[in-house]
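Engineer: got a predicted structure here, sequence first:
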Number of protein chains: 2
Amino acid sequence: MNDASENTPCSGGSLALRLLHSGATVGDRIERSLEPVGLSLAKMGVLRHLVAAGDSLPLGQLAERLSCVRSNVTQLVDRLEADGLVRRVPDPGDRRSVLARITDEGRRSYAAGARAQADAEREILGDLSDGEQAQLTELLDRLEAARV
Amino acid sequence: MNDASENTPCSGGSLALRLLHSGATVGDRIERSLEPVGLSLAKMGVLRHLVAAGDSLPLGQLAERLSCVRSNVTQLVDRLEADGLVRRVPDPGDRRSVLARITDEGRRSYAAGARAQADAEREILGDLSDGEQAQLTELLDRLEAARV
DNA sequence: CTCGCGTCGTTCATTCATGAAGGGTAGGCA
DNA sequence: TGCCTACCCTTCATGAATGAACGACGCGAG
């Protein structure tokens, strides 16, 4: 009942705030779709990078790729470890470093989450034509490009 | 150093995730600009609605207009009250209800915050032409319209 | 070799958000 | 009048993110 998109008479809101709001709404929608799988967007991010990297990464690497601070990754991995989706293993090459390694169960959960997420994204963007999606992509590119 | 837009080789990320990411980046940028004033986007939201409503609103109304849950507003107002920007006063017409009323200091802070925020928004969107901004606005409209 | 500095992960305090549970109040209806 | 329901706010537990402070480890300069 409390979707970030409900009761929002903020059509007069500035474009920047509207962008913020749209992003939050999209995030909420995906988060809901992930709920039945027992995952969140934050957790999906970790699992995605682990899978992409083979099966494990140092926590610092993870923080960099998620563009968030280390302490956040520490806690994220704590929860994932409690869920049994990830294990902490010592880095053979550097005793300061700790590797997060995805488990078999983690791989299964990730696969299920990726399907749910893809479905949700299709539902969200379904009403935009291919041309409009390309337009939006380019505008976002320009927005990021500016920030050099 | 940890801008959400740095080191982001996620150009291959889906459009939905890119939208999410752009929204977060914009939020971060505005948040930084608000920092010197001692305000956050969440607090600005409360103050903005109070000013727009004259000077006070029941907490429930505030929750609805911010599209968030009540318990969140309770805590937000706690912090704003500690900052001296808002005061809780009993609602004369309904003893269940509590009004949040902006203080003089709150008005001053809000004015300063609004200036900083406007500057940041101009800086963020400055590289987009008027036409592009209109395009983006319309695409976001379409995105929200779909969610009926 | 040792000292100092930089890096790595963790812990803690704080902010923001959600949802469940609980207590006080308003108001209709028996 | 008395009660029951519906509403308003608060409290608590949890998740996610940040930044400061800290102990442990690696490494190059002296």
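Structural biologist: Looks like it came in fine. If you're wondering where the values come from, they're calculated on a predicted model, not measured in any experiment.
Engineer: only C-alpha atoms for contact and neighbour calcs from this point on.
Structural biologist: Will do.
Engineer: what sits against A:Val46?
Structural biologist: A:Leu62, A:Leu66 (CA atoms under 8 Å, 6 or more residues apart in numbering or on different chains).
Engineer: quick one: is the helix or strand hosting it near DNA strand D?
Structural biologist: Using DSSP states H and E, A:Val46 sits within helix A:41-52. Yes. Counting by CA under 7 Å from any atom of the strand, DNA strand D has neighbours in helix A:41-52: A:Leu41, A:Ala42, A:Lys43.
Engineer: residue ranges with poor pLDDT in chain A?
Structural biologist: Chain A contains residues with pLDDT under 70 at A:1-12, A:146-148.
Engineer: can you show me the strands along it?
Structural biologist: Per DSSP state E, chain A carries strands over the ranges A:56-58, A:86-90, A:98-102.
Engineer: now these as CSV including mean neighbour count and distance to B:Thr74?
Structural biologist: CSV is the format used below for those (neighbours: other CA atoms under 10 Å in any protein chain shown; distance: least, CA to CA, whole Å):
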stretch, mean neighbour count, distance to B:Thr74
strand A:56-58, 22, 39
strand A:86-90, 18, 36
strand A:98-102, 22, 38
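Engineer: single out the residue in chain A that lies closest to DNA strand C.
Structural biologist: When you check chain A against DNA strand C by CA to the nearest atom of the strand, the closest residue turns out to be A:Gly60, at 3.0 Å.
Engineer: helices of chain A, residue ranges please.
Structural biologist: Using DSSP state H, the helices of chain A run over A:15-34, A:41-52, A:59-65, A:70-83, A:104-125, A:130-146.
Engineer: and the last one, what does it pack onto?
Structural biologist: Which is helix A:130-146. In this structure, helix A:130-146 packs against helix B:15-34, helix B:104-125, helix B:130-146, with contacts taken as 3 or more CA pairs under 8 Å, 6 or more residues apart in numbering or on different chains; DSSP states H and E.
Engineer: contacts only, for A:Val73.
Structural biologist: A:Val73 touches A:Leu59, A:Leu62, A:Ala63, counting by CA under 8 Å, 6+ apart.
Engineer: thinking again about what came up before, report the angle between the helix holding A:Val46 and helix B:15-34.
Structural biologist: Orientation check (axes from the mean of the first three to the mean of the last three CA atoms, to 10 degrees): helix A:41-52 against helix B:15-34 gives 120 degrees.
Engineer: now helix A:41-52 against strand A:98-102, angle please.
Structural biologist: Helix A:41-52 runs at 90 degrees relative to strand A:98-102, counting by the same axes, to 10 degrees.
Engineer: rewinding a little: can you give me the neighbour number for the residue of chain A closest to DNA strand C?
Structural biologist: Other residues near A:Gly60 come to 18 when the count uses other CA atoms under 10 Å in any protein chain shown.
Engineer: okay, it and chain B: tell me how far apart.
Structural biologist: Applying CA to the nearest CA, to the nearest Å, the value for A:Gly60 to chain B is 13 Å.
Engineer: do I have it right that that residue meets A:Arg70?
Structural biologist: Yes. Contact criterion CA atoms under 8 Å: A:Gly60 and A:Arg70 qualify, at 6.3 Å.
Engineer: tell me which of the helices of chain A sits most buried.
Structural biologist: The highest average neighbour count among these, using mean count of other CA atoms under 10 Å in any protein chain shown, belongs to helix A:15-34 at a mean of 21.
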